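>>> 3D, please:
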Amino acid sequence: MLLHVIEKKRARMVYYAGRYGFTNKKTVLCSQELDRLMNMISTFTSSKRRA
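Numbering: from 1, shown residues only. Alright, predicted model coming up:
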């Protein structure tokens, strides 16, 4: 489920970057949200490996 959300967010970010540019507020906010989602995956997989 989270991977699907990440993929949709990534696609939206690519769209915003192409339409509005890399430094546009929409693109940057979407990129930050994507970073948070990917950090969640990273934290989850790291904690799973330790268990």
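>>> what's the neighbour count on the residue lying closest to residue 33 once chain neighbours are set aside?
Closest residue in space to residue 33, ignoring its immediate chain neighbours: residue 9 at 6.0 Å, by Cβ to Cβ, 6 or more residues apart in numbering. Quick note: C-beta positions are derived from backbone N, CA and C, even for glycine. Burial of residue 9, expressed as a neighbour count using other Cβ atoms under 10 Å, amounts to 18.
>>> swap in the one 3 residues further on?
Per other Cβ under 10 Å, the neighbour tally for residue 12 reads 15.
>>> and the gap between it and residue 5?
Taking Cβ to Cβ, to the nearest Å as the measure, residue 12 and residue 5 are separated by 11 Å.
>>> Can you say which helix or strand has residue 38 in it?
Secondary-structure element containing residue 38, defined by DSSP states H and E: helix 25-50.
>>> What residues of that helix count as buried?
Taking 16 or more other Cβ atoms under 10 Å as the basis for neighbour counts, the residues of helix 25-50 that come out buried are 27, 28, 30, 31, 34, 37.
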